[in-house]
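K.L.:
Model the structure of this input:
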Amino acid sequence: MTFWLNDLGIVSAMGKGIEDTIFSLNNLQHNEAPRLLKTKKLSTEDLPFYVGHVDCVPLNQKRRINTLIDIALEQILPTLNSFSHIDKSRIAVVVGTSTSGVHDGEQARADHDSKGVWPSDFLYADQELATPSHYIAQKVGALGPCYSISTACTSSAKALISAKALITADLADVVICGGVDSLCKLTINGFNALASMSTGMCKPFCDERDGINIGEGAALFVMSKEAPLENGVMFLGGGESSDAHHISAPDPSGNGAKSAMKAALADADLLPSDIDYINAHGTATIKNDEMEALAINSVFGNNTSLSSSKYLTGHTLGAAGAIEAGICWLLLRGRGNITLPFNKCSQRNKLADVNVIEQASTVKLNYCLSNSFAFGGNNASLILGTHNE
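P.N.:
Residues are numbered from 1 along each chain as shown. Take a look at the predicted model:
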């Protein structure tokens, strides 16, 4: 059975939509140290962290997460309309999210502290994790299975794997799948408490890396067994593992990450040598990049080009897996005309030997693997391709 990712709606700090995202990628070569992230102060301590802000959505806007969904959903509506012959009960929605409407809860709490009453338009249910999926289903009239996945940074990668499972089980013919998260103080202060925030721009796979930049965004795909659009990209496989090493620290052996990558390769019926590019999880924290480089070296050696795109978007948490799969989708459809993300470093001597892309380049790709690793040792790897040999 073939699974197609027929269309992509995407928004992040790189821009709004496919054209903006491609423009940002293709203009990396003009910046020795690309600085596409927007500087904002969101911590309650007013610390000036870099964050990946979607600047077309004001930070004080209510229900920002719905606006991010609307931006992505609008882009895929023409493709959804091409499936108008599908019964609505056969259209499912699976979305990954980490914070859902927490941003609105923070604003409402601030109002309550200052005025003594909750805002009249505040709905506690907007913070529920299932809310983004239900919002999408209501907007498009989807009546099939509808749920959210919240496994921290693997949430939306698992949403794509779950979409494939729904179609395989004949529970749906079309699945709107992806992820969304918006900036909020909870995540910024939380990661700061874990001493995981970078003092500047994050530097994945560099010896001088010191932590992450938090980001926001959304990416939505239309998955089906049929491909109504030309040059569609196939979802070839996904692998999952749970090593449960620690609530927030990765297993330094990388065994869980290795297991997920190997499971994805087996699901896609591919060999490590078939993969042309790896979009690494690459958070730029000391421990994650060390673990991931070791795991990739164990599975792929130094033979497969890789990079992390998080220095362009920030770590978008529950949306990261879908946004980074979206970057792979664009690279595959670009047929060698889109610049690969790259991680230029002054020094890279303290990691396992892996082939990190260090300068702007364009290469025609057939197969991409995208990694997402989360708290609690929750791991997911996805493989996308342009053809199936």
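K.L.:
Does H281 touch N371 like I think?
P.N.:
Yes: if you go by C-beta atoms under 8 Å, H281 and N371 touch, sitting 4.5 Å apart. C-beta here means a position set from N, CA and C on the backbone, and glycine is covered the same way.
K.L.:
what residues are shared contacts of these two?
P.N.:
Overlap between the contact sets of H281 and N371, as judged by C-beta atoms under 8 Å, 6 or more residues apart in numbering, is given by E292.
K.L.:
So between those two, which is more surrounded?
P.N.:
Set H281 next to N371 and count neighbours by other C-beta atoms under 10 Å: H281 wins out with 32 against 27.
K.L.:
and the more buried one, what is it in contact with?
P.N.:
With contacts defined as C-beta under 8 Å, 6+ apart, H281 is in contact with 153, 288, 292, 308, 320, 371-373.
K.L.:
Let me see the backbone angles for it.
P.N.:
When quoted as degrees, to the nearest 10, the phi and psi of H281 stand at phi -60, psi -50.
K.L.:
From S370, how far off is it?
P.N.:
Spatial separation of H281 from S370 under the definition C-beta to C-beta, to the nearest Å is 9 Å.
K.L.:
any idea whether the closest residue to D121 other than its chain neighbours is helix, strand or coil?
P.N.:
What sits nearest to D121 in space, not counting adjacent residues and going by C-beta to C-beta, 6 or more residues apart in numbering, is K62, at 7.2 Å. When classified by DSSP: H, G, I helix; E, B strand; the rest coil, K62 comes out as coil.
K.L.:
Count the residues that sit near K62.
P.N.:
Counted by other C-beta under 10 Å, the residues lying close to K62 total 16.
K.L.:
Distance-wise, check it relative to T2.
P.N.:
When C-beta to C-beta is applied, the distance between K62 and T2 equals 41 Å.
K.L.:
And the residue nearest the centre of this structure?
P.N.:
Compute the mean C-alpha point of the chain, and by C-alpha atoms, centre = their mean the closest residue is A320, 1.9 Å away.
K.L.:
For that residue, which non-adjacent residue is closest in space?
P.N.:
Leaving out its chain neighbours, the residue that sits closest to A320 by C-beta to C-beta, 6+ apart is C153, at 5.5 Å.
K.L.:
Return the distance of the one you found relative to S98.
P.N.:
The span separating C153 from S98 equals 7 Å under the rule C-beta to C-beta.
K.L.:
Could you do L59 as well?
P.N.:
The span separating L59 from S98 equals 18 Å under the rule C-beta to C-beta.
K.L.:
Return the helix or strand in this structure with minimum mean pLDDT.
P.N.:
Sorted by mean pLDDT, DSSP states H and E, the helices and strands of the chain end with strand 38-39, the least confident at a mean of 50.
K.L.:
ok so, going back, the host helix or strand of the residue nearest to the centre of the chain: what's the following helix or strand?
P.N.:
Using DSSP states H and E, the element containing A320 is helix 320-334. Proceeding C-terminally, helix 320-334 gives way to strand 355-356 as the next helix or strand, assigned by DSSP H and E.
K.L.:
Return the list of helices and strands in contact with that next one.
P.N.:
The criterion is 3 or more C-beta pairs under 8 Å, 6 or more residues apart in numbering; DSSP states H and E, and the helices and strands that strand 355-356 contacts are strand 305-307.
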